[in-house]
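[1] Generate a structure from the sequence data that follows.
(chains A and B)
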Number of protein chains: 2
Amino acid sequence: MINASLIEKTRSGSAIRAMFEEGKRLASLYGTEYVYDFSLGNPSVPAPDSVKTALADIVENTEPLALHGYMSNAGYESTRKAVADDLNRRFGTAFSAGNVIMTVGAAGGLNVILRTLLNPGDEVIVFAPFFLEYGNYVENYGGVLKIVDTGEDFLPDSEALYNAISGRTKAVIINNPNNPTGAVYDEACIKRLAEALDRRGRELGESIYLISDEPYRELCYDGAEVPFLTKYYRNTIVSYSWSKSLSLPGERIGYLLIPSECDEASLIYDAAVIANRILGFVNAPALQQRLVERCLGEETDLEYYDYNRKALYKGLTDIGFECVYPRGAFYLWMKSPEKDDRAFCERAKKYNILLVPGSGFKRSGYVRLAYCVDHAMIMRSLDAFKKLFTEYDNYGKRN
Amino acid sequence: MINASLIEKTRSGSAIRAMFEEGKRLASLYGTEYVYDFSLGNPSVPAPDSVKTALADIVENTEPLALHGYMSNAGYESTRKAVADDLNRRFGTAFSAGNVIMTVGAAGGLNVILRTLLNPGDEVIVFAPFFLEYGNYVENYGGVLKIVDTGEDFLPDSEALYNAISGRTKAVIINNPNNPTGAVYDEACIKRLAEALDRRGRELGESIYLISDEPYRELCYDGAEVPFLTKYYRNTIVSYSWSKSLSLPGERIGYLLIPSECDEASLIYDAAVIANRILGFVNAPALQQRLVERCLGEETDLEYYDYNRKALYKGLTDIGFECVYPRGAFYLWMKSPEKDDRAFCERAKKYNILLVPGSGFKRSGYVRLAYCVDHAMIMRSLDAFKKLFTEYDNYGKRN
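    The predicted model follows:
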């Protein structure tokens, strides 16, 4: 008998994965043009030209032994210093290379910090709806996931958080901007969260770490800004990835930031470097470390995502769908016109529309649309959405 | 309190890591020229020229979205097929892309397969001396490491293996060619191991998986050959890395091979792909997958390592040290002239010689020398070894 929980996972599969396979099936039946696939969060904007230039230059002008060899498990000193300097410039912070660990993407970083922080039975709080992998990451190290619901604004509620914290709570994970809702937690929200964490931590005499998962930090619209959390709550640890900001998801490059003001900061840093090694990452890919060091000022084509965001939101709300106005990331969170969001997704498939049910993020009654897609596909899809919506013309009367 | 076992690891540190720091300290005191650092297994032969050419071509001629985007968590279909074809060509096997999962190096692959196979409390057998990370990898998933000693030839003994297997034994890890001994397990040895595993597995009615960790497969000398283990034992799973064969250790690229004839092969494959995702690797670095696909026929400069191997073995045995004649990898395993190998390593430091104590590999009385170093450094070091040896001139008489 292999690992019992993995056997279970092979049976249940991933909702997003199932969509991916369905998309391939529909495309082979009807042609790619006539399939409207909103299921995958894979950037549709290519990496900036500067990425190609920098990569070519690094390959051409770096001596191979230095280019591909081992470095410290924490990553190149120069890359870590450049990351710290860039954060300090942008957020007025005072980090150094010794606060940064280069990681195999944010997924790698989250695994490293959870392996570092958790003893078996420790609790980790997340706010629903949430990126379902958090549950898997916590389970990898014997942790217990505690889910706190959000209200109609999909912002975390500080009192609900306060009440959910127990003597076994080791960490809280937030994702800002948010996958799947597209919400951006503003400063007022962050201040309330920080206050609740601080108050409850003091009452319990425990360090509760806020893990801020920020792969979408730079994807904000209408001038929305993501507060830099280490400035609001001492025990914040940031997990970042360049997957979205430089469109490098397949390259697996990110970092963990462990500020010196965290309780046990230096122990956590040393332990996390060891965790990075013993979990088998060893170090973040060498070539990609050199690349991001060179491309820290670069930005993705945010206007393209914004163009998609506006077109999709307007198109769907004009038809009559209720959508949460997205302020960040590249996801639109839409109310299912029937209570059962899985049934709605099944019905959408009849029109070759692929959506991810909100139940897959532990919030039923909604669906997620990823608009990191070809703009023309969005425009072509609106007719199909119109037909789908007519199925619900009398729905309110029937139910 | 962060993870208890990691706190312990931050205290004990890594012997090899400590050597690395000591090397830097000595170099700053005496100059790099006068420090003889044999502690690190970092390839000293650069990647073949074809690696640079292939990388430049891939960066120049691949569309960025395709180049850096997500692919299946198992890796590119074309890369996995090329790996399978290459193995089939070399070993007369019949693997397909569906037997291969691209991984973040062999360390990543070992973590993935242990996460997949182990339920908490399951036992994993290793043969001492062994690469100490195996213990950490097994512990990550609640497994229990069982250590079986080898004899004076440092080859695994099949009867000792047979006796160590219990109803909780899920896997046996072997490393061939071997770190730290430089031994190559020949066909007769492999056949005895396979027979013991097969017999005991049938008696217990359990599937016992043989995990073959093979980052040194191509590093063999004097015509020694490493048998391809899947041909000898049905339940073999291979973990491979290009870290040594293409000198790409910092890039983190390798694979897991799960043959179809393994018990539960298809369940293990599916579960391992999920493990690759949820452990935070997600997929092996995209660019490196394309690179190794193009460089499958390429070889490292084995002659350089061989030149070092012969010079170091001859130099040390001429002085009077007892060494195990190395047939593979790039390590020399030398008997400590005093029982306490840590004391010997301390004494060696007086002569600016850095060695790793065998106790670090769970075999006291020996030390490991990595000869993936500059040849001139080996030659310069022999005088220092001569002086070190004279300290033991009367050692036999004293003890």
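[2] List phi and psi for A:E123.
    phi -100, psi 140 (degrees, to the nearest 10).
[3] In contact with it, which residues?
    When contacts are counted by C-beta atoms under 8 Å, 6 or more residues apart in numbering or on different chains, A:E123 is found next to A:G143, A:V144, A:L145, A:K146, A:S166, A:R168, A:T169, A:K170. Bear in mind the C-beta positions are built from the backbone N, C-alpha and C, glycine included.
[4] repeat that for 10 Å
    A:138, A:143-146, A:164-172, A:208 (C-beta atoms under 10 Å, 6 or more residues apart in numbering or on different chains).
[5] Could you say which of these is surrounded by the most neighbours?
    Neighbour tally across these (other C-beta atoms under 10 Å in any protein chain shown): the maximum, 27 neighbours, falls on A:V172.
[6] Pull up the gap between that one and A:S239, please.
    Note on A:V172: its distance to A:S239, by C-beta to C-beta, to the nearest Å, is 13 Å.
[7] Now do the shared contacts for the two.
    Taking C-beta under 10 Å, 6+ apart as the contact rule, A:V172 and A:S239 both touch A:I211, A:S212.
[8] Isn't A:R368 up against A:F38?
    Yes: with contact defined as C-beta atoms under 10 Å, A:R368 and A:F38 form a contacting pair (7.8 Å).
[9] what's the overlap in contacts for these two?
    A:Y331, A:L332, A:M334, A:L355, A:V356.
[10] so A:L40, which of the three states?
    Classification of A:L40 by DSSP: H, G, I helix; E, B strand; the rest coil places it in coil.
[11] Now do it, the pLDDT please.
    With respect to pLDDT, A:L40 has a value of 88.
[12] For it, grab the count of nearby residues.
    By other C-beta under 10 Å, 19 other residues sit near A:L40.
[13] Pull the contacting residues for the residue of the stretch 101-250 of chain A found nearest chain B.
    Of all residues in the stretch 101-250 of chain A, A:G250 sits closest to chain B, at 3.1 Å by C-beta to the nearest C-beta. A:G250 sits next to A:42, A:105, A:243, B:65-71, B:75-76, B:282-287, B:289-290 when contact means C-beta under 10 Å, 6+ apart.
[14] do A:P177 as well
    By C-beta under 10 Å, 6+ apart, A:P177 lies in contact with A:183-185, A:214-221, A:224, A:226, A:244, A:326-331.
[15] Break down the stretch 201-350 of chain A into its helices, ranges please.
    Taking DSSP state H, counting those that start in this stretch as the test, the helices found in the stretch 201-350 of chain A are A:265-278, A:286-294, A:302-319, A:341-349.
[16] now the ones you listed as TSV including mean pLDDT?
    Output for the helices of the stretch 201-350 of chain A, formatted as TSV (pLDDT from 0 to 100):
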stretch	mean pLDDT
helix A:265-278	97
helix A:286-294	98
helix A:302-319	98
helix A:341-349	96
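[17] Tell me which of those lies nearest to B:D153.
    Closest approach to B:D153 among the helices of the stretch 201-350 of chain A is made by helix A:265-278 (30.1 Å; C-beta to C-beta).
[18] Centre of the chain to stretch A:334-349, how far?
    23 Å (C-alpha atoms, centre = their mean, to the nearest Å).
[19] So for it, what gets flagged as buried?
    A:M334, A:S336, A:P337, A:E338, A:D341, A:R342, A:F344, A:C345, A:R347, A:A348, A:K349 (16 or more other C-beta atoms under 10 Å in any protein chain shown).
[20] Equivalent analysis for stretch A:171-186, please.
    A:171-185.
[21] before we move on, what about stretch A:184-196?
    Neighbour-count burial for stretch A:184-196 [16+ other C-beta under 10 Å]: A:V184, A:Y185, A:C189, A:I190, A:R192, A:L193, A:A194, A:A196.
[22] Restricted to helices, list those residues.
    Secondary structure from DSSP state H places A:C189, A:I190, A:R192, A:L193, A:A194, A:A196 of the buried residues of stretch A:184-196 in helices.
[23] got those residues as TSV, with distance to chain B columns?
    Below are those laid out as TSV (distance: C-beta to the nearest C-beta, whole Å):
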residue	distance to chain B
A:C189	27
A:I190	24
A:R192	27
A:L193	22
A:A194	21
A:A196	22
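[24] Closest to A:I378 out of these?
    Nearest to A:I378 among these is A:C189, at 29.7 Å by C-beta to C-beta.
[25] Dihedrals phi and psi, A:I125?
    Dihedral angles of A:I125 (phi, psi; degrees, to the nearest 10) stand at phi -100, psi 130.
[26] what's across from it in the sheet?
    Under DSSP bridges, the beta-bridge partners of A:I125 are A:K146, A:V172.
[27] Roughly how far does it sit from A:N111?
    Plainly put, A:I125 is 18 Å away from A:N111 if you go by C-beta to C-beta.
[28] and if you look at A:L65?
    30 Å.
[29] State the helix or strand in which the closest residue to A:S44 other than its chain neighbours lies.
    Leaving aside its sequence neighbours, A:S44 sits nearest to A:C372 (C-beta to C-beta, 6 or more residues apart in numbering or on different chains; 4.5 Å). According to DSSP states H and E, A:C372 maps onto no helix or strand at all.
[30] Show the contacting residues for A:C372.
    Counting by C-beta under 10 Å, 6+ apart, A:C372 touches A:38, A:40-45, A:219, A:244, A:247, A:304-305, A:308-309, A:329-331.
[31] Try it again at 6 Å.
    The contact partners of A:C372, by C-beta atoms under 6 Å, 6 or more residues apart in numbering or on different chains, come to A:P43, A:S44, A:F330.
[32] Go through the ones in helices among the buried residues of stretch A:184-196 and name the one nearest B:A18.
    Taking C-beta to C-beta as the measure, B:A18 sits nearest to A:A194 out of those, at 39.5 Å.
[33] hmm, who's touching stretch A:210-221?
    Stretch A:210-221 is touched from outside by A:106, A:171-175, A:177, A:184, A:226, A:229, A:233, A:236-241, A:243-245, A:306, A:327-329, with contacts defined as C-beta under 6 Å, 6+ apart.
[34] now it, how far from the centre of its chain.
    Distance of stretch A:210-221 from its chain centroid, counting by C-alpha atoms, centre = their mean, is 7 Å.
[35] Please list the residues of chain A that sit near chain B.
    Contacts of chain A with chain B, taken as C-beta under 6 Å from any C-beta of the partner chain, map to A:2-4, A:6, A:9-10, A:42, A:46-47, A:55-56, A:59, A:64-65, A:68-70, A:107-108, A:111, A:116-117, A:119, A:136, A:248-252, A:268, A:270-271, A:274, A:278-280, A:282, A:285-286.
[36] what about burial for these, which qualify?
    The neighbour count (16+ other C-beta under 10 Å) marks A:2-3, A:6, A:9-10, A:42, A:46-47, A:55, A:59, A:64, A:68-70, A:107-108, A:111, A:116-117, A:119, A:136, A:248-252, A:268, A:270-271, A:274, A:278-280, A:282, A:285-286 as buried among the residues of chain A next to chain B.
[37] and stretch A:26-37, average pLDDT?
    On average, stretch A:26-37 scores 89.
[38] Identify each buried residue in it, please.
    A:L26, A:V35, A:Y36, A:D37.
[39] Quick one: end-to-end distance for it.
    Separation of the first and last residues of stretch A:26-37 by C-alpha to C-alpha, to the nearest Å is 10 Å.
[40] And stretch A:101-109, by the same measure?
    The separation between the terminal residues of stretch A:101-109, taken as C-alpha to C-alpha, is 8 Å.
[41] Repeat that for stretch A:177-186.
    This stretch, stretch A:177-186, spans 10 Å end to end (C-alpha to C-alpha).
[42] what's the answer for stretch A:344-356, then?
    Stretch A:344-356 has its terminal residues 10 Å apart, counting by C-alpha to C-alpha.
[43] One more: stretch A:330-342?
    Termini of stretch A:330-342 sit 21 Å apart (C-alpha to C-alpha).
[44] Tell me if I'm right that A:P249 and A:Q288 touch.
    No: using C-beta atoms under 6 Å, A:P249 makes no contact with A:Q288, being 11.6 Å away.
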